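Q: Just need the structure, nothing else, for what follows:
(2 chains)
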2 protein chains.
Amino acid sequence: MSEQTRRISATALQAFIARAFEAVGVSTAEAKVIAELMTRADVNGADGHGVFRLPQYIRRIKGGAVNIKPTIRVEREAAGMALVDGDNGMGHLVMRFATEKAIEKAKTAGTAWVGVKASNHAGPASLYASMPIEHDMIGLYLAVGNANHLAAWGGLDMLLSTNPIAVGVPAGTEPPIVLDMATTVAAYGKVKTSAQRGETMPEGWMIDRQGKPLTDPKRAGEGLLLPIGGYKGYGLALVFGLLAGTLNGAAMGRDVVDFNNDDTTATNTGHVIVAINVTMFRDIAKFKTSVDQLVRDIRSSKRLPGVDAIRLPGEQSHAKRLERTRLGIPLPPALATGLDQLAHELKIPAPG
Amino acid sequence: MSEQTRRISATALQAFIARAFEAVGVSTAEAKVIAELMTRADVNGADGHGVFRLPQYIRRIKGGAVNIKPTIRVEREAAGMALVDGDNGMGHLVMRFATEKAIEKAKTAGTAWVGVKASNHAGPASLYASMPIEHDMIGLYLAVGNANHLAAWGGLDMLLSTNPIAVGVPAGTEPPIVLDMATTVAAYGKVKTSAQRGETMPEGWMIDRQGKPLTDPKRAGEGLLLPIGGYKGYGLALVFGLLAGTLNGAAMGRDVVDFNNDDTTATNTGHVIVAINVTMFRDIAKFKTSVDQLVRDIRSSKRLPGVDAIRLPGEQSHAKRLERTRLGIPLPPALATGLDQLAHELKIPAPG
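A: Predicted coordinates:
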């Protein structure tokens, strides 16, 4: 982090984000919800999925791509499932609605699978996979990404996105386990960050259209992201996309809109959130004791030479949450400038 | 395939497997179910998970590790879930029971999540993920493997198995999409096969306890399998194990029994099968048309230099199914000899 990086409190950041959405016509109540979730992403260290996205979100609202007055509703429903129509609203609103629905249904059904269509980018997957945790539930989230950056294994046509999976699991005295990962070796955001910094990418992140390693991030537009485990990651991206997209009547494959380069077209983003009520399966205290034991067995494992610590998924995010709650959220200079400029454009007070 | 490899019809193989289980005390009806599922694994080309496992299964029954008269039952149930207690029965029986339960529940609940404990090795994951397909449902299967061959990322203690995921998706005129994969770069069975053939393994399959590539499969006992995508595959193996094992009160982490080296201890194997009723989400014909379109878009993609065809998950298995249904199942010499010897020991007619 450079010396120029300033920090902003979560409260101040959230207030700024809410102001920005209100300035483009989002209701006060809904702007607050979006701002709270976006700020939570930053507090948790998901730097590419929080306020970093604000200028893009505002641009797409101004371009008419996103509905600022959505009627989010359950279109279909049975005991163990629901299909939510997001009415092209901000993804955060749609996914909060869907996750609350899943939690509510899982209280009696034990497990509830809620599919979502007509949504938009909703920030980091971990936000929604984590929500069931405080209800002693496991959360499982899948989504279709909002730009196709990879091809089928062996192919060149970019028909797949980095379709992520996130799973949140309650623990006892240990922090919860929260896995949040794209099905590619590197997320596209990491490629963009490398380009900004003038760095070279490691081999294995991308290939060019001849199948050769592509390590210059400035040439990323010519290349394809590589899935984890080769054809295996391709398979995961495909089936997660079928579950989060095709099943719900949301975009998948050729229908995915690249929301980085389009401010006017609805994305019809699809997601899935599953809430799994642990108490329906076994005694919750015993479950949490088992999770804690596993966490400790893993953390205290013998280590490979040169490894300083073994981490659990969600552990680094948990540490950032503690730090940023205390010290505030760092805003790197480029981001801070962008937000100041956005404030100027929207005629609202700058952040902080 | 060597010239000595003989082929056996599915009917004859199934009859032999059933005879073997009956010879060790399994009821005629249950022996038939196990034999049918094991044969289906061979017909589908899952060579490491069909009749190849028969000597081991019989050895473990004889050793008292597996209950040949199980009372498989639903221990807990709500609208969208069930927990099945397999009573330490053969995994095939337990998983058939659990999958039928999931399908039945999903008819009204829309989606049903069925967890399983006190089960055993059940053959290839794809068997169960595929069963919902003929009911116009998607199947999702997770399991805890029956031997720990990998460590947490950066660790040396083998606390994780190659916990697989399988997803079966109905299509229209195209073959169904059936993904079935371990969360490691190579399954342990592939390592064993390499050792038998005297081959060298590619770098990336295993590391030794210094973290260096291990390429001699005869030294596999000293090494660890590598997860796909490094820490990402570790995360997947961990959360799939929490969902299939810990949630159900089944073995996970330090409690996993290595069933390759133990003929007397119950494994308490855990699985999950989820049945997702497509018609509850959208018009089934439209869904199948979308899947077919995606399959064709992928298959007709432009290809990287040197790639002869782009495959969908399940496509090679589908081709084997057609071939082996017509020509029979190949039995390599070592396997054929082993089965002849088993027949001799059990005093039953040899296969074929």
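Q: For the residue most central in space within chain A, give me phi and psi.
A: Taking CA atoms, centre = their mean, the centroid of chain A lies closest to residue A:124, which sits 1.8 Å from it. Main-chain torsions, residue A:124, degrees, to the nearest 10: phi -70, psi 140.
Q: OK, contacts around the closest residue to chain B within the stretch 51-200 of chain A?
A: Proximity of the stretch 51-200 of chain A to chain B (CB to the nearest CB) peaks at residue A:80, 2.8 Å away. C-beta coordinates here come from the backbone N, C-alpha and C atoms, glycine included. Applying CB atoms under 8 Å, 6 or more residues apart in numbering or on different chains to residue A:80 gives the contacts A:105, A:109-113, B:79-81, B:105-106, B:109-113.
Q: Equivalent analysis for residue A:145, please.
A: A:161, A:162, A:163, A:164, A:182, A:256.
Q: Restricted to helices, list the residues you listed.
A: Using DSSP state H, no member of these falls within helices.
Q: and the residue nearest to the centre of chain A, how far is that from residue A:49?
A: Distance check for residue A:124 against residue A:49: by CB to CB, to the nearest Å, it reads 4 Å.
Q: cool, and residue A:214?
A: Residue A:214 is 24 Å from residue A:49, by CB to CB.
Q: Could you do residue A:318 as well?
A: Relative to residue A:49, residue A:318 is positioned 17 Å away (CB to CB).
Q: do residue A:77 as well
A: Counting by CB to CB, the gap from residue A:77 to residue A:49 is 29 Å.
Q: can you pull out the helices in chain A?
A: Shown for chain A, the helices assigned by DSSP H span residues A:10-23, A:28-43, A:54-62, A:91-109, A:125-130, A:188-197, A:231-244, A:278-281, A:284-299, A:315-327, A:333-346.
Q: sorry, back to before: wait, which of the contacts of residue A:145 is closest to residue B:171?
A: Nearest to residue B:171 out of the contacts of residue A:145 is residue A:163 (CB to CB; 18.8 Å).
Q: picking that back up, which among the contacts of residue A:145 count as buried?
A: Neighbour-count burial (16 or more other CB atoms under 10 Å in any protein chain shown) applied to the contacts of residue A:145 gives A:161, A:162, A:163, A:164, A:182, A:256.
Q: I'd like the residues you listed written out as JSON lines, with pLDDT and distance to residue A:301 added.
A: Below are the buried ones among the contacts of residue A:145 laid out as JSON lines (pLDDT from 0 to 100; distance: CB to CB, whole Å):
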{"residue": "A:161", "pLDDT": "96", "distance to residue A:301": "34"}
{"residue": "A:162", "pLDDT": "95", "distance to residue A:301": "30"}
{"residue": "A:163", "pLDDT": "97", "distance to residue A:301": "30"}
{"residue": "A:164", "pLDDT": "97", "distance to residue A:301": "27"}
{"residue": "A:182", "pLDDT": "96", "distance to residue A:301": "26"}
{"residue": "A:256", "pLDDT": "97", "distance to residue A:301": "40"}
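Q: For residue B:221, state which of these is nearest.
A: For those, the residue nearest residue B:221 by CB to CB is residue A:182; the value is 34.0 Å.
Q: was I right about the closest one contacting residue A:160?
A: No - counting by CB atoms under 8 Å, residue A:182 does not reach residue A:160; the two are 11.1 Å apart.
Q: For the contacts of residue A:145, please prepare CSV with the additional fields distance to chain B.
A: Below are the contacts of residue A:145 laid out as CSV (distance: CB to the nearest CB, whole Å):
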residue, distance to chain B
A:161, 13
A:162, 12
A:163, 12
A:164, 11
A:182, 8
A:256, 11
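Q: tell me the domain boundaries of chain A?
A: A:1-62+A:324-352, A:68-182+A:228-300, A:185-226 (automatic domain parsing).
Q: Report whether the first one contacts chain B.
A: Same thing as domain A:1-62+A:324-352. No - residues of domain A:1-62+A:324-352 are not located near chain B by CB under 8 Å from any CB of the partner chain, the shortest gap being 15.5 Å.
Q: can you pull the pLDDT of the nearest residue to residue A:255 once chain neighbours are set aside?
A: Nearest residue to residue A:255 in three dimensions, chain neighbours excluded: residue A:268, at 7.2 Å (CB to CB, 6 or more residues apart in numbering or on different chains). Residue A:268 carries a pLDDT value of 98.
Q: ok, residue A:268 to residue B:308 distance?
A: Going from residue A:268 to residue B:308 by CB to CB gives 34 Å.
Q: Those two: which is more packed in?
A: For residue A:268 versus residue B:308, neighbours defined as other CB atoms under 10 Å in any protein chain shown are more numerous around residue A:268 (21 against 7).
Q: tell me the contacts of that one?
A: Contacts of residue A:268 (CB under 8 Å, 6+ apart): A:88, A:117, A:118, A:119, A:250, A:251, A:255, A:257.
Q: What about the closest residue to the fifth one other than its chain neighbours, how many residues nearby?
A: Spelled out, it's residue A:250. Spatial nearest neighbour of residue A:250, chain neighbours left out: residue A:270 (2.6 Å); criterion: CB to CB, 6+ apart. For residue A:270, the count of nearby residues is 28 (other CB under 10 Å).
Q: Please name the residues that touch residue A:270.
A: Contacts of residue A:270 by CB under 8 Å, 6+ apart are A:115-117, A:119, A:143-144, A:244-252.
Q: and with 10 Å instead?
A: A:86, A:115-119, A:142-144, A:163, A:241-252, A:256 (CB atoms under 10 Å, 6 or more residues apart in numbering or on different chains).
Q: now swap in residue A:60 and tell me
A: A:24, A:53, A:66, A:90, A:120-121, A:259, A:262-267.
Q: what does residue A:201 give?
A: For residue A:201, the contacting residues are A:185-186, A:190-191, A:194-195, A:213-217, A:219-220, A:223, by CB under 10 Å, 6+ apart.
Q: 7 Å instead, please
A: A:191, A:194, A:215, A:217 (CB atoms under 7 Å, 6 or more residues apart in numbering or on different chains).
Q: That's all I had, so thanks and see you.
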